[in-house]
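Undergrad: Got a sequence here, can you build the structure:
(4 chains)
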Protein chains: 2
Amino acid sequence: MSFQPQQIAGNNAEKTKAHNRRVVLGYLQTRAAGRAEIAKAAGLSTQTVSNLMAELETEGLVLRTGRRAAARGQPPVVYAFNPAGAAALGFEVRPDMLTMVLTDLGGTALASEHHRLAQTDPDFVLAQMARLAQKAIARSPIARILGAGLVIPGPFGLEGLSTDDATALPGWDPATLPARAELLLGLPVHIDKDATAAALAEGMSGAAQGLPTYAFLYFGSGLGLGIVAQGHPLRGAFGNAGEVGHVIIHPNGRACGCGNAGCLEQYVSRLSVQRHLVAKGHLAPDTSGTDATLLRLLDTQNPDLIEWLDTAAEALSRAIGMLENLFDPQSTVLGGALPDALIDALIARLALPTGSVARRSDRTAPRVQRGTSGRFTAALGAAALVIHSTVTPRLDAHRLESPPCP
Amino acid sequence: MSFQPQQIAGNNAEKTKAHNRRVVLGYLQTRAAGRAEIAKAAGLSTQTVSNLMAELETEGLVLRTGRRAAARGQPPVVYAFNPAGAAALGFEVRPDMLTMVLTDLGGTALASEHHRLAQTDPDFVLAQMARLAQKAIARSPIARILGAGLVIPGPFGLEGLSTDDATALPGWDPATLPARAELLLGLPVHIDKDATAAALAEGMSGAAQGLPTYAFLYFGSGLGLGIVAQGHPLRGAFGNAGEVGHVIIHPNGRACGCGNAGCLEQYVSRLSVQRHLVAKGHLAPDTSGTDATLLRLLDTQNPDLIEWLDTAAEALSRAIGMLENLFDPQSTVLGGALPDALIDALIARLALPTGSVARRSDRTAPRVQRGTSGRFTAALGAAALVIHSTVTPRLDAHRLESPPCP
DNA sequence: ACCTTAACTCAAAACATTTGAATAAAATAT
DNA sequence: ATATTTTATTCAAATGTTTTGAGTTAAGGT
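TA: Next up, the predicted model:
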């Protein structure tokens, strides 16, 4: 991911092959298939697919899973995506915490580690990352590591938009960081914001699996949005698309640190429920033990929590209606740093607007559902960035070295 | 544009060449350049670019514009995009009207025609289109016609979401129509909804020229949104992305035909200002002569119109803030079927939210601006669909013939 | 048994790009 | 003035990948 002006790159034979590899891998990610079927789907000759599959097989990225009896003719040799063919590292950096996961190509976690951060200086954190990576790679059951994903909280290049100043990471420039990290880790590094990465994780192995177009609402400390359209994450001009937390949902509503009143994340976020419960005396001002308290209050149908749920569900319903009308997703997924039971309770209380393009008779995916990646979603998403880049066909961009001067 | 499940297609040498042609043409669309510069920008060899340029020159799509004195060395032969190299047809179908334009490759209109529609039956309208096309092609100053764009009002595949039932076109299936139209016109046909096409027109030759990522608010009878992200229109899972008119901007606000209350287009749309002026007695119930009345009232600063402007600007400000936070565009452009002066008055009254990712110090384009394509925007956009498809590199999709059976 | 259908393989051909050497034209240095 | 450097361009051969067409394998249908 980059925020510099880019130029679409030209193709040549080698790039063509790399593209075709991604096409084939992307197809197999969804379903096992014979080579003839793949060739037909991709518009390639069977010979080409044969050659590619032979290569992918020796690399261990695909497996023959036997023959399948077809209606007539020679039964195809069925190939399947091999999740154990390679691994990816994912790092999530928060102001107080560094989380690392190692996943296979299916997005399944093989190892994970948390590391408290005393400082957020990039040099310091990068050194910690290198240390964790080395250890993880040494112990990894899968030898081949494709790369590392790095996830930091957005928005990028702005000040004063986060709900909480403690969520900002000063000095973390997404334009220059990957190069520095690549040098230290000796691996290709991809960077993105938490919600976008989390969305990819959910699309790779979670609730949005197989959907090309969906929205993912990510509960961090605020509320983030990751949008995937036709299989590609939507990042906007400066990487800040999906800043849904500061959409005004209640005109003249609660004041927000950003200067607006009535921002969505004042009603629907972890911070919002914490504040409500602190005010009602259910939680200490340091908000320790939030999750246990939340689950207890939910279990007993505590009126104070129900009050928050009702307010949040009302705001969220309208917000989801808005997202549906703007992005026309196949499904909207909710996940992140909130207990599953609370997300379920929120979903159960939604009253989605009737005037939405999502109200169509031919839907296959639920309008709203809870994600399945749990609390590590963002770190898993970091790894998913790597997998996505090796499996999903894309238009390559070419960074402009110098401005094209007249 | 298609709404069927698609599969990304594989590449081969021919597709590689087609891609490289688009890369080169897309580069030249922005600025004239020598072959070495193009080669460097696209990551191609100079030889390849030389070959492509020779071809494009004989096809008349590019022109040598002489040599440019460089700092040192042999001065490059400068090539420029030739707008007169080919033409495109654009059709806008509305329930009562068929509009056609013929444009050159720069998006400049060469001819235009209106045709009242007595019926909206696709067969009937397609026949009218064929007739108009034939006439336009016969009179065209540019012989080569690349194709035709067809624009119909969205949303697709839904009922009961339009503000006005009169805007719907029954029987117009965007999935099957292009094929039928291609047969009749003998040209490649592209279809899309009005706001998306209008956005492309504005990006090709209007206010958003050169911007890869922008939002376009389109005043039709309701309010539509066309989003262009990294040069590509965002269409969503079913082609209905950008249905901004039915985003709820005032909780418990004015009732809307869609079932919601407080939809944006109840406050910001041509229909909304018409209703307001009819209610105030400035306009006949048949809303004839709307534009003249609007301009007169605006000129005299009529309090009733100012009242509408204030209400609309308040709603629109929040809506634009929302779009900025969700799409992170470089600019938001307003255009369509509203007099320029009224759009300007609306923009002058905006009070954009402070909590927006668009508040950055390094912006180059204005946060909000009026479009420059005028009232034909949608029909011009239809033609822009054709130009876009020949000039913009893309990932080719391959329609799945039969479902991949297990 | 024989035919049909479908998947697959092999070797040759086709396509477009890249490479490396050579040429052209200008600014700068001697 | 002349040589040198720099940049743009062209030519011909080499390279990488895909496609094509013929032939093989393996199953079901008749």
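Undergrad: going forward, measure contacts between C-alpha atoms and count neighbours the same way
TA: OK.
Undergrad: isn't A:Ala41 right next to B:Gln6, touching?
TA: No. Taking contacts as C-alpha atoms under 8 Å, A:Ala41 lies outside contact range of B:Gln6: 9.1 Å.
Undergrad: So for the two, which sits in the more crowded spot?
TA: When neighbours are counted by other C-alpha atoms under 10 Å in any protein chain shown, A:Ala41 comes out ahead of the other of A:Ala41 and B:Gln6, with 25 against 17.
Undergrad: and that one, what helix or strand is that in?
TA: Using DSSP states H and E, the element containing A:Ala41 is helix A:35-42.
Undergrad: same thing with A:Asn51?
TA: Assessed by DSSP H and E, A:Asn51 sits inside helix A:46-59.
Undergrad: CA atoms of that helix as PDB?
TA: Taking C-alpha atoms only, helix A:46-59 is exported to PDB below (Å, rounded to 0.1, in the frame of the first residue of the first chain):
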ATOM      1  CA  THR A  46      -5.300 -26.200 -20.600                       C
ATOM      2  CA  GLN A  47      -1.700 -26.400 -21.400                       C
ATOM      3  CA  THR A  48      -0.900 -23.100 -19.700                       C
ATOM      4  CA  VAL A  49      -2.800 -24.200 -16.600                       C
ATOM      5  CA  SER A  50      -1.000 -27.500 -16.700                       C
ATOM      6  CA  ASN A  51       2.300 -25.800 -16.700                       C
ATOM      7  CA  LEU A  52       1.400 -23.500 -13.900                       C
ATOM      8  CA  MET A  53      -0.100 -26.300 -11.800                       C
ATOM      9  CA  ALA A  54       3.100 -28.300 -12.100                       C
ATOM     10  CA  GLU A  55       5.100 -25.400 -10.800                       C
ATOM     11  CA  LEU A  56       2.600 -24.600  -8.000                       C
ATOM     12  CA  GLU A  57       2.700 -28.300  -7.000                       C
ATOM     13  CA  THR A  58       6.400 -28.500  -6.800                       C
ATOM     14  CA  GLU A  59       6.300 -25.300  -4.700                       C
END
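Undergrad: now for the next helix or strand after it, which elements pack on it?
TA: Using DSSP H and E, the helix or strand that directly follows helix A:46-59 along the chain is strand A:62-67. The elements that strand A:62-67 packs onto, with contact taken as 3 or more C-alpha pairs under 8 Å, 6 or more residues apart in numbering or on different chains; DSSP states H and E, are helix A:46-59, strand A:77-81.
Undergrad: who touches the first one?
TA: Just to be clear, that refers to helix A:46-59. Residues outside helix A:46-59 that contact it (C-alpha atoms under 8 Å, 6 or more residues apart in numbering or on different chains): A:Arg21, A:Val24, A:Arg35, A:Ala36, A:Ile38, A:Ala39, A:Lys40, A:Val62, A:Leu63, A:Arg64, A:Gly85.
Undergrad: I would like the residues contacting the lengthiest helix in chain A, please.
TA: When chain A is scanned for its longest helix (criterion: DSSP state H), the result is helix A:303-327. Contacts made with helix A:303-327 from outside it, assessed by C-alpha under 8 Å, 6+ apart, are listed as A:215, A:249-250, A:264, A:267-268, A:273, A:276-277, A:280, A:294, A:297-298, A:332, A:345-347, A:349-353, A:355-358, B:234-236, B:240-244, B:246-248.
Undergrad: pLDDT (mean, whole number) over that helix?
TA: Confidence over helix A:303-327, taken as the mean pLDDT, stands at 98.
Undergrad: buried sites along it?
TA: Using 16 or more other C-alpha atoms under 10 Å in any protein chain shown as the test for burial, helix A:303-327 gives A:304-306, A:308-310, A:312-327.
Undergrad: Please list which of the residues you listed are also close to DNA strand C.
TA: For DNA strand C, no contacts are drawn from the buried residues of helix A:303-327 by C-alpha under 7 Å from any atom of the strand.
Undergrad: show me where the stretch 101-250 of chain A has strands.
TA: With strands called from DSSP state E, counting those that start in this stretch, the stretch 101-250 of chain A shows them at A:109-116, A:145-152, A:189-193, A:214-219, A:223-229, A:232-233.
Undergrad: Kindly state which of the ones you listed is positioned closest to B:Asp173.
TA: Among those, the nearest to B:Asp173 by C-alpha to C-alpha is strand A:223-229 (22.2 Å).
Undergrad: Parallel or antiparallel, list what pairs with that closest one.
TA: Strand A:223-229 has the following sheet partners, assigned by DSSP bridges: strand A:214-219 (antiparallel), strand A:232-233 (antiparallel).
Undergrad: can you list the residues that contact the shortest one?
TA: It refers to strand A:232-233. Outside strand A:232-233, the residues that reach it (C-alpha under 8 Å, 6+ apart) are A:Thr196, A:Leu200, A:Pro212, A:Gly226, A:Ile227.
Undergrad: My read is that the third one contacts A:Val228, right?
TA: Yes. In this structure A:Pro212 lies within contact range of A:Val228 using C-alpha under 8 Å: 6.9 Å.
Undergrad: More neighbours: which of the two?
TA: Neighbours per residue (other C-alpha under 10 Å) separate A:Pro212 from A:Val228, with A:Val228 holding more: 24 against 20.
Undergrad: For that one, give the beta-bridge partners.
TA: Taking DSSP bridges, one obtains A:Tyr214, A:Pro233 as the residues bridged to A:Val228.
Undergrad: need the contact list for it.
TA: The neighbourhood of A:Val228, defined by C-alpha under 8 Å, 6+ apart, consists of A:Thr196, A:Ala199, A:Leu200, A:Pro212, A:Thr213, A:Tyr214, A:Ala215, A:Leu234.
Undergrad: ok, and the closest non-adjacent residue to the residue of the stretch 101-250 of chain A found nearest DNA strand C?
TA: Scanning the stretch 101-250 of chain A for the residue nearest DNA strand C gives A:Pro188, at 21.8 Å (criterion: C-alpha to the nearest atom of the strand). Nearest residue to A:Pro188 in three dimensions, chain neighbours excluded: A:Gly147, at 4.8 Å (C-alpha to C-alpha, 6 or more residues apart in numbering or on different chains).
Undergrad: buried ones in the helix holding A:Asn51?
TA: Judged by neighbour count (16+ other C-alpha under 10 Å), helix A:46-59 contains these buried residues: A:Thr46, A:Thr48, A:Val49, A:Ser50, A:Leu52, A:Met53, A:Leu56, A:Glu57.
Undergrad: DNA strand C next: which of the residues you listed are close?
TA: Under the cut-off given by C-alpha under 7 Å from any atom of the strand, DNA strand C has A:Thr46, A:Ser50 from the buried residues of helix A:46-59 close to it.
Undergrad: picking up where we left off before, buried ones among the contacts of helix A:46-59?
TA: A:Arg21, A:Val24, A:Arg35, A:Ala36, A:Ile38, A:Ala39, A:Lys40, A:Val62, A:Leu63, A:Arg64, A:Gly85.
Undergrad: The first one: which element?
TA: Looking back up the chat, that one is A:Arg21. With elements taken from DSSP H and E, the one containing A:Arg21 is helix A:13-30.
Undergrad: quick check: angle from that helix to helix B:13-30?
TA: Helix A:13-30 and helix B:13-30 are oriented at 110 degrees to each other (axes from the mean of the first three to the mean of the last three C-alpha atoms, to 10 degrees).
Undergrad: May I have helix A:13-30 as PDB, with CA atoms only?
TA: Coordinates of each C-alpha in helix A:13-30 appear next as PDB, following Å, rounded to 0.1, in the frame of the first residue of the first chain:
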ATOM      1  CA  ALA A  13       5.700 -12.100 -20.300                       C
ATOM      2  CA  GLU A  14       6.900 -12.500 -16.700                       C
ATOM      3  CA  LYS A  15       4.200 -10.300 -15.200                       C
ATOM      4  CA  THR A  16       1.700 -12.200 -17.300                       C
ATOM      5  CA  LYS A  17       2.800 -15.400 -15.700                       C
ATOM      6  CA  ALA A  18       2.700 -14.000 -12.200                       C
ATOM      7  CA  HIS A  19      -0.800 -12.700 -13.000                       C
ATOM      8  CA  ASN A  20      -1.900 -16.100 -14.200                       C
ATOM      9  CA  ARG A  21      -0.500 -17.700 -11.100                       C
ATOM     10  CA  ARG A  22      -2.600 -15.500  -9.000                       C
ATOM     11  CA  VAL A  23      -5.700 -16.100 -11.100                       C
ATOM     12  CA  VAL A  24      -5.300 -19.900 -10.700                       C
ATOM     13  CA  LEU A  25      -4.500 -19.700  -7.000                       C
ATOM     14  CA  GLY A  26      -7.400 -17.300  -6.400                       C
ATOM     15  CA  TYR A  27      -9.700 -19.700  -8.200                       C
ATOM     16  CA  LEU A  28      -8.500 -22.700  -6.100                       C
ATOM     17  CA  GLN A  29      -8.900 -20.700  -2.900                       C
ATOM     18  CA  THR A  30     -12.600 -21.000  -3.300                       C
END
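Undergrad: Fine by me, we can end here.
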